[in-house]
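> Compute the structure for the input listed below.
(2 chains)
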Amino acid sequence: DTGVSQDPRHKITKRGQNVTFRCDPISEHNRLYWYRQTLGQGPEFLTYFQNEAQLEKSRLLSDRFSAERPKGSFSTLEIQRTEQGDSAMYLCASSFLGQASSGNTIYFGEGSWLTVV
Amino acid sequence: SQELEQSPQSLIVQEGKNLTINCTSSKTLYGLYWYKQKYGEGLIFLMMLQKGGEEKSHEKITAKLDEKKQQSSLHITASQPSHAGIYLCGAPNSGGSNYKLTFGKGTLLTVNP
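Model prediction:
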């Protein structure tokens, strides 16, 4: 078990370009979350999946953002026509929703830094 | 919407000293997560508290949940430089589903050797 993996760790892109981030959750975790964090702030919820179904999207997730989780395993977060305001760290997290009372501990990845120039 | 306020915003202590970080919610707490973050890195899970009055300890870190006060505290005993970082509290927005966390802005801890 290697934890939640995110790729790439850092991305610098020009305004208007598209970028895609990948997240590999902890194996057998059925829930996967995306958060965004800017300097000096706590992470903000963007969206989450249970298996392959995207169950909720935050109002922060504009039409330029799209997330997928085909087959309920890894997930991708794509940002189209990037803007400077998209510069942030994008964090992926996963958990297992089960019957155990200790379930749903949410583990985060190392994050993907995006800089839009 | 729920808001979490952490205090203090930053803290500088001498190695070996004890310290406490507080996290106060604007709404009912259905649980509380504590994470640690190094600058520019991901969040490291510390503890999850699920019930009022619950207290958990791991090594030199103890966390408590006071549901009535809508507050949680994180206490570090005999701090070490390895404890330095940003401590974040996060709370689920509702009971049961326990999936969408709202976070505080974090407390920056510096431990001087």
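> can you map out the strands along the chain?
Because you didn't say which chain, this covers chain A. Ranges of strands in chain A, per DSSP state E, are A:5-7, A:10-13, A:19-24, A:31-37, A:44-50, A:53-57, A:65-68, A:75-79, A:88-95, A:107-108, A:112-116.
> actually chain B
Ranges of strands in chain B, per DSSP E, are B:4-7, B:10-14, B:19-25, B:32-37, B:43-49, B:55-58, B:61-66, B:71-76, B:85-92, B:101-103, B:107-112.
> Quick one: closest of those to chain A.
strand B:101-103 (3.0 Å; CB to the nearest CB). All C-beta spots, glycine's among them, are computed from the backbone N, C-alpha and C.
> counting contacts, what elements does the closest one pack onto?
Secondary-structure packing of strand B:101-103 (3 or more CB pairs under 8 Å, 6 or more residues apart in numbering or on different chains; DSSP states H and E): strand A:44-50, strand B:85-92.
> let's go with 7 Å and repeat that
strand B:85-92 (3 or more CB pairs under 7 Å, 6 or more residues apart in numbering or on different chains; DSSP states H and E).
> who's in contact with the strand it packs on?
With contacts defined as CB atoms under 7 Å, 6 or more residues apart in numbering or on different chains, strand B:85-92 is touched by A:42, B:2, B:4, B:6, B:21, B:23, B:25, B:29-38, B:43, B:72, B:74, B:98-104, B:106-109.
> go with 8 Å
By CB atoms under 8 Å, 6 or more residues apart in numbering or on different chains, the residues outside strand B:85-92 that reach it are A:42-43, B:2, B:4, B:6, B:21, B:23, B:25, B:29-39, B:43, B:46, B:72, B:74, B:98-104, B:106-109.
> Produce a PyMOL select command limited to the buried residues of the residues you listed.
With 16 or more other CB atoms under 10 Å in any protein chain shown as the criterion, this PyMOL line picks the buried residues out of the contacts of strand B:85-92:
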select buried, (chain A and resi 42+43) or (chain B and resi 2+4+6+21+23+25+29+30+31+32+33+34+35+36+37+43+46+72+74+98+99+100+101+102+103+104+106+107+108+109)
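> Tell me the confidence at A:G72?
Listed pLDDT for A:G72 reads 86.
> Kindly reformat the strands of chain B as CSV containing mean pLDDT.
Output for the strands of chain B, formatted as CSV (pLDDT from 0 to 100):
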stretch, mean pLDDT
strand B:4-7, 97
strand B:10-14, 98
strand B:19-25, 97
strand B:32-37, 96
strand B:43-49, 94
strand B:55-58, 93
strand B:61-66, 96
strand B:71-76, 97
strand B:85-92, 95
strand B:101-103, 94
strand B:107-112, 97
